[in-house]
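> Any chance you could fold what I've pasted below:
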Amino acid sequence: MPFGRFLIRKNIASEDVIRNARQIQQERNQHIGELAVRLGYMSFLDMKQLVRALEVSEGRFGELAVEQGLLTREQVETLISEQDNQCCYLGDILIEMGILTKESLANLLEEFERSEPLEADQG
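Below is the predicted model:
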């Protein structure tokens, strides 16, 4: 069960709040292709062509970009690191929104992690 669903079931946040927080999360967490364009590693057109190619084939953006000579392995590693550094978590957004405190988030995450194996066993 996703953490957002867990918070809804515990009546910590409504579905609307979680939906809004997820939207903020998606806006902040950039796709590796968007980062490549922003950092000047590739053009917007090249990025869109790679995304379209991935819709009909298996693989990852970085792997395909290296295969096609659009990015080097070092650039892909830089992009992945940048993506990790800017990652925005649902709990952090809920703190910003005033729904949770750092302490309540820590307690809820602990409870969530304890509950996950139990639910998998019941399924």
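
> Domain parsing of the chain, as residue ranges.
If you go by automatic domain parsing, the domain ranges for the chain are 1-29+91-123, 30-87.

> Going by mean pLDDT, which of those comes out lowest?
Comparing mean pLDDT across those, the weakest is domain 1-29+91-123, with a mean of 88.

> Now render the domains of the chain as JSON lines, adding mean neighbour count.
In this view, the C-beta of every residue, glycine as well, is placed from N, C-alpha and C. JSON lines is the format used below for the domains of the chain (neighbours: other C-beta atoms under 10 Å):
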{"stretch": "domain 1-29+91-123", "mean neighbour count": "14"}
{"stretch": "domain 30-87", "mean neighbour count": "15"}
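
> which residues in this structure form helices?
3-9, 15-28, 32-38, 44-55, 61-67, 73-86, 90-96, 102-122 (DSSP state H).

> was I right about Ile18 contacting Ile8?
Yes. Counting by C-beta atoms under 8 Å, Ile8 is a contact partner of Ile18 at 6.0 Å.

> Give me the spatial nearest neighbour of the most centrally placed residue in the chain, chain neighbours excluded.
By C-alpha atoms, centre = their mean, the chain has its centre lying nearest to Asn29, at 5.7 Å. In space, and not counting its chain neighbours, Asn29 is closest to Cys88: 5.5 Å by C-beta to C-beta, 6 or more residues apart in numbering.

> Is the one you found in contact with Gln23, as I believe?
No. Using C-beta under 8 Å, Cys88 makes no contact with Gln23, being 11.5 Å away.

> any idea how far stretch 88-106 is from the chain center?
16 Å (C-alpha atoms, centre = their mean, to the nearest Å).
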